[in-house]
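1. next one to model:
(one chain, ligands or ions: 2)
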Amino acid sequence: MSDKAELAHKRILLKLSGEALMGNESFGIDPVVLERMASEVKAVRQLGVQIGIVVGGGNLFRGERLAKAGMNRVAGDHMGMLATVMNSLAMQDALERIKQPTRVMSAISLTGVCEDYDRRFAIRFMEAGNVVIFCAGTGNPFFTTDTAACLRGIEIEADLILKATKVDGVYSADPMKYPEAVKYNRLTYSEALERELGVMDLTAFCLARDHDKKIRVLNMTRDGALLRAVKGEDEGTLIEK
Ligand SMILES: Nc1ncnc2c1ncn2[C@@H]1O[C@H](COP(=O)(O)OP(=O)(O)OP(=O)(O)O)[C@@H](O)[C@H]1O
Ligand SMILES: O=c1ccn([C@@H]2O[C@H](COP(=O)(O)O)[C@@H](O)[C@H]2O)c(=O)[nH]1
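-> Ligands and ions are numbered 1, 2, ... in the order given. Down below sits the predicted model:
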C-alpha cells in the first residue's frame, strides 16, 4: 500500500508550540529545531496532506507573564500576538529554504509583512499545495494560540487538530512537574474539561468539543511522530467525543 493510500487525514491544522522552538535555550528560536520541524512538515505535505499551521509565542512573550511583571494585560497580549508573527515568519523562511511554498496569514493587518487572514483564500492556497501559517492568534487579547488553532481548524474544515508540543501526550497531571503522572491514550472532551488538564486551555477544549473536532497531542521532538499521527497511528493522546 502506498503512503498516500494509508493517509487517514487529508487536511490538518498543526499547532506548533512556541516553547518547543526554543530547544534547550530559555528564549528565542533554536535554528536546528526550527529546521527539523520544517522538514517534518514538508515530509507530511509531500504525502499530499493539506496543512495549516498555528505557531505559539511562549518562547518570546506571553501576555499573562508580562501582566504579572506589571504591564497592562492587553498590551502584553498584543506583544504575545506579535511574537507569534515572528515565529511564523521564521517558520515560513525555514520552509521556503527547503522549497516548500508557504503563505502567512495574520489575524491583524501587517501590510507588507504578511497577508490578512481570509478563510476562502486560505483553503485555496492549501488546495494549491501551499502550507498556510496562521499568525497573530485570534487577533484578540485574553485568548491563546491553542484556541486560535481550534478556531482555524474548525474554519478550514481540518480533519484533525494536531497539537505538537514537548510532552508525548496528555497526562493525569503536568508530566514536567509530576513524573509519576499517568499518560492517557484516549480521552473525551468532557474528561479533559472536568479534570482541567493543563495541556491546553479550557476555551480551546470547549470549542473543539462544540464543533466535534478531534485533537491529537504529540511530541514534536520525536522523529516521525507527525507522520505517524497523519497516518492515523496511535501516537500521543487522542481527544474526541
Ligand atoms: N495534564 C497535562 N498533560 C500534558 N502536559 C501538560 C499537562 N498539564 C500541563 N502540561 C504542560 O503543558 C505544556 C503544553 O504545552 P505547550 O508548550 O505546547 O503550551 P503552550 O502554552 O500552548 O505553548 P506555546 O505558548 O509555547 O505554544 C506541556 O509542555 C506540559 O508541560
Ligand atoms: O488569540 C490570541 C493568541 C495569543 N495571544 C497572546 O499571545 C501569547 C502567545 O500565545 P501562546 O498561546 O501563549 O503561545 C499569549 O500568551 C497571549 O498573550 C492573544 O492575546 N490572543
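2. make it CA atoms for all contacts and neighbour counts henceforth
-> OK.
3. Arg152 belongs to a helix?
-> Yes - using DSSP: H, G, I helix; E, B strand; the rest coil, the assignment for Arg152 is a helix.
4. next one, pLDDT for it please.
-> Here, the pLDDT recorded for Arg152 equals 98.
5. next, count neighbours for it.
-> The number of residues packed near Arg152 is 22, by other Cα atoms under 10 Å.
6. and the gap between it and ligand 1?
-> 15 Å (Cα to the nearest ligand atom, to the nearest Å).
7. does Thr147 lie in a helix or a strand, and which?
-> With elements taken from DSSP states H and E, the one containing Thr147 is helix 145-155.
8. remind me which residues of the chain are low pLDDT?
-> For the chain, the stretches flagged by pLDDT under 70 are 1-6.
9. please, where are all the strands along it?
-> Assigned by DSSP state E, the strands in the chain fall at 11-16, 50-55, 102-106, 115-116, 131-135, 160-165, 170-171, 183-184, 186-188, 215-219, 237-240.
10. ok so, going back, close to ligand 2, is the helix holding Thr147?
-> Yes - with Cα under 6 Å from any ligand atom as the measure, helix 145-155 is seen reaching ligand 2 through 145-146, 148.
11. residues of the longest helix anywhere in the chain that come out buried?
-> In the chain, with assignment by DSSP state H, the single longest helix is helix 73-97. Within helix 73-97, the residues that count as buried by 16 or more other Cα atoms under 10 Å are 73-74, 76-96.
12. other SSEs contacting that helix?
-> Applying 3 or more Cα pairs under 8 Å, 6 or more residues apart in numbering; DSSP states H and E, one finds that helix 73-97 contacts helix 31-46, strand 50-55, helix 63-68, strand 102-106, strand 131-135.
13. what does this structure put close to ligand 2?
-> Within the chain, the positions near ligand 2 by Cα under 6 Å from any ligand atom are 18, 56-58, 62-64, 76-78, 80-81, 137-146, 148.
14. let's see that with 8 Å instead.
-> Counting by Cα under 8 Å from any ligand atom, the chain comes close to ligand 2 at 17-19, 55-65, 73-74, 76-84, 136-148.
15. just the buried residues of those residues.
-> Using 16+ other Cα under 10 Å as the burial test, the residues of the chain next to ligand 2 include 17-19, 55-64, 73-74, 76-84, 136-139, 141, 143-148 as buried.
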